[in-house]
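Asks: Fold the stuff below for me.
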Amino acid sequence: MEPNSVFSNTVLEGRVALITGGGSGIGLEIASQFGKHGAKVAIMGRRQQVLDAAVSYLESHGVEAIGLQGDVRKKDDASRVVNTVVEQFGKLDILVNGAAGNFLVAAEDLSPNGFKTVLDIDALGTFTMSHAALQYLKKGGQGKSSLEGGVILNISTTLQYSAEWYQIHVSAAKAAVDSITRNLALEWGTDYGIRTNGIAPGPIADTPGRSKLLPEESGLSEKDVTPFVKIGEKWDIAMAAVYLTSDAGKFINGAILVVDGGQWLSKPRWISKEQIREFGRIVEKRSREPQSPSTAMKSKL
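Replies: Next up is the predicted model:
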């Protein structure tokens with residue numbers, strides 16, 4: 001059962017949001033929660049059948065939604081989709097760049113074209129959609145909202161914070177997305193009052209991306225690949241999105257919020273707490289023992 005939201009169901013009332021990659025997974029959950037908190041939503045994706053099913057799901061939960069087919073990498077598609085949203089709903093306040101590409105592959109087996117494809121979807125797509133939405137986000141968030149401009153929210157990851165096996169293409173792409181987030185926050189925040197932030201999810205259960213990275217055929221469980229913390233839920237990411245796009249986050253700009261339960265900080269425990277305590281007692285006892293002159297001289301040296 002879905003947890004109760006801590007936000008009022010009107011916290012996004014009057015807002016219009018466009019979510020790329022909104023037909024499934026995290027994007028669809030963000031669209032759902034935006035709608036449940038008062039927003040009108042448009043979802044964008046490449047497969048019309050997926051979009052139609054997602055819109056039906058959203059409408060069954062009382063969300064006013066439309067689905068628009070398009071490729072985030074293509075300037076013409078980006079402009080057409082953004083313009084259609086404004087024609088349908090009258091404005092655009094929030095853009096969520098959630099479209100992404102991912103698959104497991106060893107670096108030596110990854111073709112330059114495969115590398116480029118992921119960079120194009122994640123990084124180029126984020127910039128292309130943001131660029132197309134700029135003209136409307138400059139005017140967004142007016143009236144009832146205290147925001148000066150609209151909001152851009154980029155969905156990233158934590159892979160690029162260190163390194164990840166078989167994910168060189170995604171790590172590079174998401175590092176670029178994080179850089180885009182900070183640079184747009186600086187430029188468009190200063191010039192147009194547009195807030196640009198990011199969310200970096202950890203492993204999230206029941207998503208298309210997760211099924212690609214951990215297929216059933218692998219014989220592996222979540223415990224095998226994430227032994228330190230539990231797996232997150234789509235709801236966790238959606239709640240962070242509601243926070244960052246609402247007036248609750250009106251003074252947050254250029255931030256990348258990690259939502260992974262602390263997993264990216266996790267390291268194997270090389271020694272138990274009991275051993276540490278015993279070592280502490282040994283060291284403390286040794287420090288109280290009298291030292292011979294020769295031992296004391298060596299310690300000073």
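Asks: Sketch out the low-pLDDT regions of this protein for me.
Replies: 140-147, 207-229, 291-301 (pLDDT under 70).
Asks: quick one, strands of it?
Replies: 16-20, 40-45, 65-69, 94-97, 151-155, 195-201, 256-259 (DSSP state E).
Asks: The fifth one relative to strand 16-20, how many degrees between them?
Replies: Spelled out, it's strand 151-155. Interaxial angle of strand 151-155 relative to strand 16-20 (axes from the mean of the first three to the mean of the last three C-alpha atoms, to 10 degrees): 20 degrees.
Asks: Show me what strand 151-155 is packed up against.
Replies: Under the contact definition 3 or more C-beta pairs under 8 Å, 6 or more residues apart in numbering; DSSP states H and E, strand 151-155 sits against strand 94-97, helix 125-137, helix 168-192, strand 195-201, helix 234-245. Where you see a C-beta, it was placed from the backbone N, CA and C, and this is true even at glycine.
Asks: can you put the ones you listed in TSV and add distance to Lys285 and mean neighbour count?
Replies: Formatted as TSV, the helices and strands packed on strand 151-155 follow (distance: least, C-beta to C-beta, whole Å; neighbours: other C-beta atoms under 10 Å):
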stretch	distance to Lys285	mean neighbour count
strand 94-97	58	30
helix 125-137	58	22
helix 168-192	47	19
strand 195-201	45	25
helix 234-245	47	23
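Asks: so which of the ones you listed comes closest to Gly280?
Replies: Closest of the helices and strands packed on strand 151-155 to Gly280 is strand 195-201, at 36.1 Å (criterion: C-beta to C-beta).
Asks: chain center to stretch 5-20: distance?
Replies: Distance of stretch 5-20 from the chain centroid (C-alpha atoms, centre = their mean, to the nearest Å) equals 17 Å.
Asks: what do you get for stretch 239-247?
Replies: With C-alpha atoms, centre = their mean, you get 12 Å for stretch 239-247.
Asks: got the contact list for it?
Replies: With C-beta atoms under 8 Å, 6 or more residues apart in numbering as the test, stretch 239-247 has contacts from 5-7, 11-12, 15, 17, 30, 33-34, 37, 94, 96, 145-147, 151, 153, 197, 199, 249, 252, 255, 257, 259.
Asks: Narrow the residues you listed to those that are buried.
Replies: 7, 11-12, 15, 17, 30, 33-34, 37, 94, 96, 145, 147, 151, 153, 197, 199, 249, 255, 257, 259 (16 or more other C-beta atoms under 10 Å).
Asks: and of the helices and strands packed on strand 151-155, who's closest to Asp71?
Replies: helix 125-137 (8.0 Å).
Asks: For that closest one, what is the distance to the chain centroid?
Replies: With C-alpha atoms, centre = their mean, you get 18 Å for helix 125-137.
Asks: same thing with stretch 243-251?
Replies: 16 Å.
Asks: gap between the two ends of it?
Replies: One end of stretch 243-251 sits 11 Å from the other (C-alpha to C-alpha, to the nearest Å).
Asks: Only alpha carbons, please: show stretch 171-186 as CSV.
Replies: Provided in CSV are the C-alpha atoms of stretch 171-186 (Å, rounded to 0.1, in the frame of the first residue of the first chain):
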residue,chain,number,x,y,z
SER,A,171,28.2,7.1,-15.5
ALA,A,172,29.5,9.5,-18.2
ALA,A,173,26.0,10.5,-19.2
LYS,A,174,24.8,11.2,-15.7
ALA,A,175,27.9,13.2,-14.9
ALA,A,176,27.0,15.4,-17.8
VAL,A,177,23.4,15.7,-16.6
ASP,A,178,24.6,16.8,-13.2
SER,A,179,26.8,19.4,-14.9
ILE,A,180,23.9,20.6,-16.9
THR,A,181,21.8,21.0,-13.7
ARG,A,182,24.4,23.2,-12.1
ASN,A,183,25.1,25.3,-15.1
LEU,A,184,21.4,26.0,-15.9
ALA,A,185,20.8,26.7,-12.2
LEU,A,186,23.5,29.4,-12.4
